[in-house]
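Novice: no sequence on this one, just coordinates:
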């Protein structure tokens with residue numbers, strides 16, 4: 001069974017190779033690229049679609065890996081890592097001395113020849129011929145310096161796009177097409193550059209995906225600003241939803257929505273058509289026809305009745321609780337009188353009102369000396 005594996009290189013982004021061997025993510029493989037033969041790490045594994053398998057140039061689009069890295073390849077890779085780090089450090093140092101304004105990223109040693117591929121980023125084009133001469137004299141290798149752009153860098157790093165999915169360039173895009181602001185205008189998007197830009201800072205590649213469909217559908221719709229007379233009032237087209245087929249017009253006071261068929265009828269001087277037809281704005285999902293108003297009123301009435309019943313229940317509960325408290329207070333008062341009446345009989349306690357000899361109450365305080 002053929003499997004597609006994604007191997008990232010910062011000079012080529014995520015490149016997919018085909019293989020029939022069992023490979024896991026993280027495995028080391030030897031791959032031939034347009035810039036040489038290098039050892040890469042498998043980052044993604046997926047099955048080819050039926051459409052991809054049917055392509056006549058399948059082997060060209062997805063070349064086979066040379067082999068799974070063996071013991072000698074892994075030994076070369078360990079030794080190369082040390083040398084690559086040294087070349088990267090020296091290259092950055094020499095470029096700084098030459099004031100080339102280069103940010104050196106990585107160095108790759110070719111597995112099949114004495115060649116080093118060095119990748120870098122820079123805001124401007126760089127004349128690095130003098131730097132190449134210096135590096136050749138120092139390392140005695142064929143040197144290839146390759147400048148990568150922000151899109152290639154984003155493709156290598158990856159991330160999550162505005163749609164919530166992994167960015168396209170790090171998943172399935174093998175090359176970058178030209179993206180223009182005209183594509184955003186064709187799709188009636190607000191020209192807000194930060195929102196239309198991807199992680200690379202350039203216009204998002206996905207603007208290209210739907211551009212062909214919009215290019216075919218837009219000519220069948222009226223243009224923004226076109227005038228139309230409806231119910232003795234002049235409306236101007238202010239919005240289009242090409243995918244749902246809704247045309248929005250405004251007469252200065254009210255907005256009116258038309259389907260394409262309704263708009264064409266009004267253009268011919270006919271009535272809009274069935275007013276009960278449900279017109280849905282796909283952007284908001286709101287019923288704009290007024291057909292559901294009666295149902296909404298009924299639901300509101302039901303909610304009001306439910307609230308009134310709930311308040312009535314709360315009042316009845318409060319009244320019942322108050323009655324229970326009053327009943328308990330009366331029972332406690334009668335118990336107190338019963339206790340007072342039987343206090344003498346039960347405990348020997350005599351109330352003051354029942355003392356016959358009041359002289360016993362005239363007790364004087366006795367000082368300590370008088371006791372003696």
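Specialist: Everything's here; your move. Remember, it's a predicted structure, so these values are computed and weren't measured experimentally. Numbering: from 1, shown residues only.
Novice: Report the contact partners of the nearest residue to residue 189 once chain neighbours are set aside.
Specialist: Closest residue to residue 189 apart from its sequence neighbours, by C-beta to C-beta, 6 or more residues apart in numbering: residue 196 at 6.7 Å. (Glycine included, C-beta is placed from N, CA and C.) Residue 196 makes contacts with 181, 184, 189, 203, 204, 207, as judged by C-beta atoms under 8 Å, 6 or more residues apart in numbering.
Novice: do you know how far the third one is from residue 255?
Specialist: From residue 189 across to residue 255, the span is 20 Å (C-beta to C-beta, to the nearest Å).
Novice: What are the structural domain limits within this protein?
Specialist: 3-69, 73-148, 154-216, 223-287 (automatic domain parsing).
Novice: Kindly reformat those domains as TSV and extend each row with distance to residue 322 and mean pLDDT.
Specialist: Compiled in TSV, the domains of the chain are given as follows (distance: least, C-beta to C-beta, whole Å; pLDDT from 0 to 100):
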stretch	distance to residue 322	mean pLDDT
domain 3-69	71	87
domain 73-148	79	91
domain 154-216	56	84
domain 223-287	48	76
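Novice: how many neighbours does residue 67 have?
Specialist: 12 (other C-beta atoms under 10 Å).
Novice: so what's the backbone phi/psi at it?
Specialist: Torsion angles at residue 67 (phi, psi; degrees, to the nearest 10) stand at phi -180, psi 160.
Novice: Does it touch residue 31 like I think?
Specialist: No. Assessed by C-beta atoms under 8 Å, residue 67 is found out of contact with residue 31, at 9.4 Å.
Novice: From the chain's centre, how far out is the helix or strand harbouring residue 84? Work that out for me.
Specialist: Secondary structure assigned from DSSP states H and E places residue 84 in helix 71-97. From the chain centre to the centre of helix 71-97 is a distance of 38 Å (C-alpha atoms, centre = their mean, to the nearest Å).
Novice: Mind giving me the packing neighbours of it?
Specialist: Here helix 71-97 touches strand 28-33, strand 36-41, strand 103-109, strand 115-121, helix 129-139, going by 3 or more C-beta pairs under 8 Å, 6 or more residues apart in numbering; DSSP states H and E.
Novice: Just name the most buried of these.
Specialist: strand 115-121 (a mean of 21; mean count of other C-beta atoms under 10 Å).
Novice: What segments of the chain are helices?
Specialist: Assigned helices in the chain, in chain order: 50-53, 58-61, 71-97, 129-139, 150-157, 181-186, 193-196, 211-217, 260-267, 293-341, 343-347, 368-371 (criterion: DSSP state H).
Novice: quick one, phi/psi of the residue nearest in space to the middle of the chain?
Specialist: For the chain, the residue nearest the mean C-alpha position is residue 164 (3.7 Å; C-alpha atoms, centre = their mean). As for residue 164, its main-chain torsions (degrees, to the nearest 10) stand at phi 90, psi 0.
Novice: residue contacts, it?
Specialist: So residue 164 contacts nothing (C-beta under 8 Å, 6+ apart).
Novice: Then residue 144?
Specialist: Each residue near residue 144 by C-beta under 8 Å, 6+ apart is listed here: 35, 115, 116, 117, 118.
Novice: State the distance from the nearest residue to residue 208 once chain neighbours are set aside to residue 209.
Specialist: Leaving aside its chain neighbours, residue 208 sits nearest to residue 177 (5.3 Å; criterion: C-beta to C-beta, 6+ apart). Here the criterion is C-beta to C-beta. By it, residue 177 lies 10 Å from residue 209.
Novice: Return the member of the contacts of residue 144 nearest to residue 97.
Specialist: Nearest to residue 97 out of these is residue 118 (C-beta to C-beta; 16.0 Å).
Novice: Could you report the distance from that closest one to residue 33?
Specialist: In terms of C-beta to C-beta, residue 118 sits 15 Å off from residue 33.
Novice: Show the contacting residues for residue 170.
Specialist: 8, 13, 14, 154, 155, 156, 157, 158, 159.
Novice: Beta-bridge partners for the second one, please?
Specialist: Taking DSSP bridges, one obtains residue 9 as the residues bridged to residue 13.
Novice: Run a quick neighbour tally on it.
Specialist: So residue 13, with other C-beta under 10 Å, has 22 neighbours.
Novice: Quick check, it in contact with residue 167.
Specialist: No. Counting by C-beta under 8 Å, residue 13 stays clear of residue 167, with 11.1 Å between them.
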